[in-house]
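[1] 3D, please:
(2 chains)
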Amino acid sequence: RKEVEQDPGPFNVPEGATVAFNCTYSNSASQSFFWYRQDCRKEPKLLMSVYSSGNEDGRFTAQLNRASQYISLLIRDSKLSDSATYLCVVNIGMNTGFQKLVFGTGTRLLVSP
Amino acid sequence: AAGVIQSPRHLIKEKRETATLKCYPIPRHDTVYWYQQGPGQDPQFLISFYEKMQSDKGSIPDRFSAQQFSDYHSELNMSSLELGDSALYFCASSSARQRNEKLFFGSGTQLSVL
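    Numbering: from 1, shown residues only, chains lettered A, B, ... in the order given. Okay, here's the model as predicted:
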């Protein structure tokens, strides 16, 4: 079983739709959590960090549930430019300064006109 | 703003050859991480360095070695290349001195082993 699991998709949605991605992680000692976005054959780019209280950045909302070891990302009003692979990422580094990121396999999102 | 620089962008090698990938972190970042991403796969952690010392080790094969130099740049040396080493190799950097500092990735080196 992978340490970080995601539904690989693809999620095909029309422009303007709301879409949600889920992710579960197995290491209860995980320190911090992120969503990264990766376009085809490009480097992963940090989309947002995920906090227990939930955090929002424009059309994007992330939520962490430590008890259930579950992370979510909600995208509202999808744009064509949102088409990408969304990677759920967990930092299992034991020392705050050193990050050992474990990536999920990613969820592919395709937004169509 | 300066980003993580990786070179070369593309590299073609034959089986059993050697390859060296270079990574120049963001200025003032002291920690470097190497990741390998095979086709259709998620990035896999290989190794990391802090202040020129290895700080963590992941799924790096014994045929690979890496180091971080005094100017904080890092090199990944790969020997006896195999077809399965064909992948996108990402370097990332961060500052261990700054709490909750995020990782920033370079554009990657695409290695093709023929």
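[2] so A:Arg59 makes contact with A:Ile75?
    Yes: here A:Arg59 reaches A:Ile75: they are 6.0 Å apart, a contact under CB atoms under 8 Å. To be clear about C-beta, it is placed using only N, CA and C from the backbone, and glycine gets the same treatment.
[3] neighbour count: these two, which is higher?
    Between A:Arg59 and A:Ile75, A:Ile75 has the larger neighbour count (other CB atoms under 10 Å in any protein chain shown), namely 22 against 13.
[4] grab the nearest non-local neighbour of that one.
    A:Val19 (5.2 Å; CB to CB, 6 or more residues apart in numbering or on different chains).
[5] please apply the same query to B:Pro25.
    B:Ser93 (3.3 Å).
[6] wait, what's in contact with that neighbour?
    B:Val4, B:Cys23, B:Pro25, B:Ile26, B:His29, B:Thr31, B:Val32, B:Tyr33, B:Leu103, B:Phe104 (CB atoms under 8 Å, 6 or more residues apart in numbering or on different chains).
[7] count of neighbours near the residue nearest to A:Ile75?
    So A:Val19, with other CB under 10 Å, has 18 neighbours.
[8] and which of the contacts of B:Ser93 is nearest to chain A?
    Closest approach to chain A among the contacts of B:Ser93 (CB to the nearest CB): B:Leu103, at 5.8 Å.
[9] what helix or strand does the closest residue to the closest one other than its chain neighbours sit in?
    Nearest non-adjacent residue to B:Leu103, counting by CB to CB, 6+ apart: B:Ala92, 4.5 Å away. Here B:Ala92 sits within strand B:87-94, counting by DSSP states H and E.
[10] show me how far that strand is from its chain's centre.
    Relative to its chain's centre, strand B:87-94 lies at 5 Å (CA atoms, centre = their mean, to the nearest Å).
[11] could you point out which element follows that strand?
    Following strand B:87-94 in sequence, per DSSP H and E, is strand B:104-105.
[12] for that next one, the averaged confidence score.
    The average pLDDT within strand B:104-105 is 92.
[13] quick check: next helix or strand after it?
    strand B:109-113.
[14] close to chain A, is that next one?
    Yes: counting by CB under 8 Å from any CB of the partner chain, chain A has neighbours in strand B:109-113: B:Gln110.
[15] and the one helix or strand B:Phe49 maps to with strand B:87-94, angle?
    Under the criterion of DSSP H and E, B:Phe49 resides in strand B:44-50. Relative orientation of strand B:44-50 versus strand B:87-94 (axes from the mean of the first three to the mean of the last three CA atoms, to 10 degrees): 40 degrees.
[16] just the CA coordinates of the following helix or strand past strand B:44-50, formatted as CSV?
    Next helix or strand after strand B:44-50 toward the C-terminus (DSSP H and E): strand B:53-57. These are the backbone C-alpha positions of strand B:53-57, laid out as CSV (Å, rounded to 0.1, in the frame of the first residue of the first chain):
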residue,chain,number,x,y,z
MET,B,53,26.4,16.5,4.3
GLN,B,54,23.9,13.8,3.3
SER,B,55,20.7,14.5,5.4
ASP,B,56,18.5,11.7,4.1
LYS,B,57,18.5,8.8,1.7
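[17] quick one: contacts for the residue nearest to B:Leu103?
    Contacts of B:Ala92 (CB under 8 Å, 6+ apart): B:Val4, B:Val32, B:Tyr33, B:Tyr35, B:Leu103, B:Phe104, B:Phe105, B:Gly106.
[18] touching the lowest-mean-pLDDT helix or strand in chain A from outside, list them.
    Across the helices and strands of chain A, mean pLDDT, DSSP states H and E gives its lowest value to strand A:101-103, namely a mean of 85. By CB under 8 Å, 6+ apart, the residues outside strand A:101-103 that reach it are A:3-4, A:25, A:27, A:34, A:36, A:44, A:87-92, B:33, B:42-45, B:103.
[19] alright, I will stop here.
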